[in-house]
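J.: Next input, structure requested:
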Amino acid sequence: MNSNRRKLLQTAVLASTTFCLPSLARSTDSPDASKIIEAIKSRRSVRAYTAAPISASDLKTILECGMLAPSAANEQPWEFIVIEDKAILGKIGEINHYASFAKHAPLAILACLNEAKEKEKGMGVLDIAIACENMLLAAHALGLGGVFTGIYPIKERIEGFQKLADLPATVVPIGLLVFGHPQINSVRSPDRFNADAIHKNKWNAK
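T.: Next up is the predicted model:
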C-alpha cells in the first residue's frame, strides 16, 4: 500500500470515531464524509497474513479506537486481551475451528465483557460489538487486515476462551479479532444494499 493511500485511510477511519461524539462532528475539523464512507465500503474480512509483526503504535491506535465506541450509560464495560504468544494463538483452533488461521497471525485481540462494570444488563454485549467494529475499521485504516470471529453466546467457546486466557468468572469473551498484514490486496465488497430490507414506520406500511 502506498503512503498516500495509507494516510488517506488513516485519516478517514480514525476520524470516523467522531460519529459517536456529536460535539466533535459539528466542529470545523469535521472529517470528509466521503473518506469515511469509502473506508467502510472497502473494508473486508482478512484471514491470511504475512509474517510481518504489528507495531506497538498501530496496536495502540486500534485499541484506542475500540475504546471510543458508544457505550450504554458510558459504562465502557470492555476488557481486551492482546494475544501475541504463538503457543496460545496455536490453541485457538481447538476452541473454534473457524478461527484456526489465528495460528498464522501476529496477534489477536480477545474482546470481553466485564459484567462487574455492566449496570444496564444486556447492553454490554452491544457495546463490545461496536468496539470491535471500530477496531476493525482502525486496522483497515492502518493498512492491516482483520476479521471478527464469534464466541458469545456459544457456551463451549465461552468456556474455552475463559480457560485459554485465564479469565475471571465475571469476564465473558464476546469475540476474537485476528489481525495481520494482508497476504494479498483485498477485493472491494460487493454492493449489499437491499431495498427489500427497509421498512418505513411499520413492517407492512405501504
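J.: Can you name the residues that contact Glu133?
T.: With contact taken as Cβ atoms under 8 Å, 6 or more residues apart in numbering, Glu133 is in contact with 69, 148. Where C-beta positions appear, they are placed from N, C-alpha and C, glycine not excepted.
J.: distance between the helix or strand it falls within and the chain's centre?
T.: In this assignment (DSSP states H and E), Glu133 forms part of helix 124-141. In terms of Cα atoms, centre = their mean, to the nearest Å, the centre of helix 124-141 is set 3 Å apart from its chain centre.
J.: Likewise for stretch 145-153?
T.: That offset, for stretch 145-153, works out to 8 Å (Cα atoms, centre = their mean).
J.: Is it correct that Asp31 falls within a helix?
T.: Not Asp; residue 31 is Pro. No - according to DSSP: H, G, I helix; E, B strand; the rest coil, Pro31 belongs to no helix; its state is coil.
J.: after the helix or strand of the chain with the lowest mean pLDDT, next one along is what?
T.: The weakest-scoring helix or strand in the chain, judged by mean pLDDT, DSSP states H and E, is helix 22-25 (a mean of 40). Later in the chain than helix 22-25, the nearest helix or strand by DSSP H and E is helix 33-42.
J.: Check which residues of that following helix are buried.
T.: 35-36, 38-39 (16 or more other Cβ atoms under 10 Å).
J.: Same question for stretch 136-155.
T.: 136-149, 151-152.
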